[in-house]
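S.K.: Just a sequence and a predicted model for now, questions to come.
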There are 2 protein chains.
Amino acid sequence: MPGMAKNFWKTDPRDALKAGLTFDLSTLDRNGRPGWAGNKSRGEAYMAARGEELSDLQEKLFAEGRSGGERSVLLVLQGLDTAGKGGIVRHVMGMVDPQGVKLASFGVPTAEERAHHYLWRIEKQLPPAGRIGVFDRSHYEDVLVVRVDELVPEAEWQGRYDEINAWEEKLIAGGTTIVKVALMVSYDEQGARLAERLDRPDKYWKFSPSDITTRSKWPAYQQAYADVFARTSTEKAPWYVVPADRKWYARLAVTEILTQTLESLDLGWPAATFDVAEMQAALAKTNQASV
Amino acid sequence: MPGMAKNFWKTDPRDALKAGLTFDLSTLDRNGRPGWAGNKSRGEAYMAARGEELSDLQEKLFAEGRSGGERSVLLVLQGLDTAGKGGIVRHVMGMVDPQGVKLASFGVPTAEERAHHYLWRIEKQLPPAGRIGVFDRSHYEDVLVVRVDELVPEAEWQGRYDEINAWEEKLIAGGTTIVKVALMVSYDEQGARLAERLDRPDKYWKFSPSDITTRSKWPAYQQAYADVFARTSTEKAPWYVVPADRKWYARLAVTEILTQTLESLDLGWPAATFDVAEMQAALAKTNQASV
């Protein structure tokens, strides 16, 4: 009985996890569970219950989009290899109707993508009205891997933070609610998860030799993430920095943040765009017809 | 316990539902449950168990695609309004990882789409390697609504059956397994489902006045569907005609057909494309590094 699941959120995770002015990534406990006072099984039960609410809200958002509404939601997922981005897609987004979700993954840019502005391939994947878009990696890679691997000169990536803020503000003005989530795994936990991928033949396909190269640049990535939070966690589109060593906590927290975000949209069922009584009469007429 | 769910399929639904040479749509019992000897709750339990297997198989297909494999699966869903296409997407495809599914809906063509060959917009939505593509309506609309509403001259749509067969054969040769499912609801059940959409304000958004117009052309649509089955149910890409008055049966049957289809692909985990021992050593080295 989902209704029976008890709520152990003592602090709204949107408050507990938001990267504010004083946020310090270097002191984040990546094994923590900020705001949640229950254990794992309580967390899983509450997540399932909230997932049903999320699914209902998503249907209302979809209905609104089908009836002329222009609002949408965009969940931006960032995190290093093994942080659990795919698990969020599978276990959180898997709770809602696939028809309401538009998923996009951003890997190494293709030649065509590199020939365009870095936001070009991102804009093509924005969610239409009524959908929840999910970005598995995003435009933030253009100030993360691009910075760490020096793929463009510093002057160029330095200008991108403000550009991204302005671009996101434009999206928000157009009706898109942006939810930015960074899954932060600890160095030790990343090592353990990579080791598992090398120990299990059913996980080999998730491993790439480049994962080790990326891991060897850990301090540079932490600095790059810290700057992302410092420079792009805005009032309208804040970053939620989620400790990700406990997968159940990260999934529970993202479920809650997303559900609360949809609740805040005050969604309702759209009014009929036709005369209901007239249509009922027309339908009754067809029901008398023989076929 | 999914493992406990008992299998009440007495006939493989791929045999029970395939539209063969002697298939006669006019005698189909749309309230039937061909091949399944259990009741609804048995059906729901077995569907959930098979859904877990479908999910595992989908992950293997995805892994294969990520490792250079070229195979994909395409589920084509056809059916009149209220037949339950959306319910299949939600309840069957909702059981697998959203990352492995590419969903496309085909509504009334846009001006740009009408300016191209009718297969142009379809080809753009084909599943990439490793994915299960799902078409909610499809190229078959070009011999259904297009025929019934006389949107092109008869000589034109008459030529499309062979063209579609040849096009599908090309897809199959390229590694795509095509599963064509038609959900066939009875006239009375469609009337009841439309009435519910007009009775419930949370369902208004699913109703369109054009649904009544389409319903009034029932006999023409039945003839058009019968011809689709007669002319495009090929050996390599047969039609499965699913009685859809019982939603639980239709979802159970599609789950079973899809799961058996993936089972028949003999999927396994891809071999490592790197030297596992070498990578384990490189990883161990990073684990000794301090960060």
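M.R.: Here it is on my side, so go on. Numbering: from 1, shown residues only, chains lettered A, B, ... in the order given.

S.K.: in the stretch 1-150 of chain A, which spans are helices?
M.R.: In the stretch 1-150 of chain A, the helices defined using DSSP state H, counting those that start in this stretch lie at A:13-16, A:40-66, A:85-91, A:111-114, A:120-123, A:145-148.

S.K.: so which of these gets nearest B:P153?
M.R.: Each of the helices of the stretch 1-150 of chain A has some distance to B:P153 by CB to CB; the shortest is helix A:40-66, at 32.8 Å. The way it works is simple: take the backbone N, C-alpha and C, and place the C-beta from them, glycine included.

S.K.: The closest one - what's its average pLDDT?
M.R.: Averaging pLDDT along helix A:40-66 yields 98.

S.K.: Quick one: list the elements packing against that helix.
M.R.: Judged by 3 or more CB pairs under 8 Å, 6 or more residues apart in numbering or on different chains; DSSP states H and E, helix A:40-66 is in contact with strand A:72-78, helix A:247-263.

S.K.: Make TSV from these and add distance to chain B and mean neighbour count to it.
M.R.: Putting the helices and strands packed on helix A:40-66 into TSV (distance: least, CB to the nearest CB, whole Å; neighbours: other CB atoms under 10 Å in any protein chain shown) gives the following:
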stretch	distance to chain B	mean neighbour count
strand A:72-78	12	24
helix A:247-263	14	23
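
S.K.: now those as CSV including mean pLDDT?
M.R.: Listed next are the helices and strands packed on helix A:40-66 as CSV, based on pLDDT from 0 to 100:
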stretch, mean pLDDT
strand A:72-78, 98
helix A:247-263, 98
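
S.K.: out of these, nearest to B:G94?
M.R.: Nearest of the helices and strands packed on helix A:40-66 to B:G94, taken as CB to CB: helix A:247-263 at 15.9 Å.

S.K.: Out of the helices of the stretch 1-150 of chain A, which one sits most buried?
M.R.: helix A:85-91 (a mean of 21; mean count of other CB atoms under 10 Å in any protein chain shown).

S.K.: What helices and strands are in contact with it?
M.R.: Helices and strands touching helix A:85-91, by 3+ CB pairs under 8 Å, 6+ apart, are strand A:72-78, strand A:132-136, strand A:176-184, helix A:247-263.

S.K.: export these to CSV and tack on distance to A:K124?
M.R.: Below are the helices and strands packed on helix A:85-91 laid out as CSV (distance: least, CB to CB, whole Å):
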stretch, distance to A:K124
strand A:72-78, 13
strand A:132-136, 11
strand A:176-184, 15
helix A:247-263, 23
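
S.K.: circling back to that earlier point, closest to B:E235 out of the helices of the stretch 1-150 of chain A?
M.R.: Taking CB to CB, helix A:85-91 is the member of these nearest to B:E235, at 35.7 Å.

S.K.: Could you tell me the average pLDDT over the closest one, please?
M.R.: Helix A:85-91 comes out with an average pLDDT of 97.

S.K.: Return the distance of it from the chain's centre.
M.R.: Distance, stretch centre to chain centre, for helix A:85-91: 9 Å (CA atoms, centre = their mean, to the nearest Å).

S.K.: Could the C-alpha coordinates of it be exported in PDB?
M.R.: In PDB, the C-alpha atoms belonging to helix A:85-91 read as follows (Å, rounded to 0.1, in the frame of the first residue of the first chain):
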ATOM      1  CA  LYS A  85      23.000   8.700 -14.000                       C
ATOM      2  CA  GLY A  86      21.700   5.700 -15.800                       C
ATOM      3  CA  GLY A  87      20.200   4.300 -12.600                       C
ATOM      4  CA  ILE A  88      18.200   7.600 -12.100                       C
ATOM      5  CA  VAL A  89      16.900   7.200 -15.700                       C
ATOM      6  CA  ARG A  90      16.000   3.600 -15.100                       C
ATOM      7  CA  HIS A  91      14.600   3.700 -11.600                       C
END
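
S.K.: Residues contacting it, please?
M.R.: Contacts to helix A:85-91, defined as CB atoms under 8 Å, 6 or more residues apart in numbering or on different chains, come from residues A:77-79, A:103, A:134, A:136-137, A:181, A:183, A:247, A:250-251, A:254, B:97-99.

S.K.: if we can go back for a sec, need the helices and strands packed on helix A:40-66 in CSV with distance to B:L54, can you?
M.R.: Formatted as CSV, those follow (distance: least, CB to CB, whole Å):
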stretch, distance to B:L54
strand A:72-78, 25
helix A:247-263, 22
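
S.K.: Ok, which of the ones you listed comes nearest B:R14?
M.R.: Closest approach to B:R14 among the helices and strands packed on helix A:40-66 (CB to CB): helix A:247-263, 36.1 Å.

S.K.: for that closest one, packing partners?
M.R.: For helix A:247-263, the elements it packs on are helix A:13-16, helix A:40-66, strand A:72-78, helix A:85-91, strand A:176-184, strand A:239-243, judged by 3+ CB pairs under 8 Å, 6+ apart.

S.K.: What's the first helix or strand after that helix?
M.R.: Sequence-wise, the next helix or strand downstream of helix A:247-263 (DSSP states H and E) is helix A:276-288.

S.K.: What residues sit buried inside that following helix?
M.R.: For helix A:276-288, a neighbour-count test (16 or more other CB atoms under 10 Å in any protein chain shown) marks A:M279, A:A282, A:L283, A:T286 as buried.

S.K.: from the chain's centre, how far out does it sit?
M.R.: With CA atoms, centre = their mean, you get 44 Å for helix A:276-288.

S.K.: Can you pull out the low-pLDDT segments for chain A?
M.R.: Applying pLDDT under 70 to chain A picks out residues A:1-3, A:290-291.

S.K.: quick one: A:F62 and A:R131, what's the gap?
M.R.: As judged by CB to CB, to the nearest Å, A:F62 and A:R131 stand 7 Å apart.

S.K.: if I look at the two, which residues touch both of them?
M.R.: Here A:F62 and A:R131 have A:G100 as joint contacts, going by CB under 8 Å, 6+ apart.

S.K.: I'd like to know how many residues surround A:K18.
M.R.: By the criterion of other CB atoms under 10 Å in any protein chain shown, A:K18 has 16 neighbours.

S.K.: if you skip the residues just before and after it, what's nearest to it?
M.R.: The shortest distance from A:K18 to any residue other than its chain neighbours is 4.9 Å, reached at A:P238 (CB to CB, 6 or more residues apart in numbering or on different chains).
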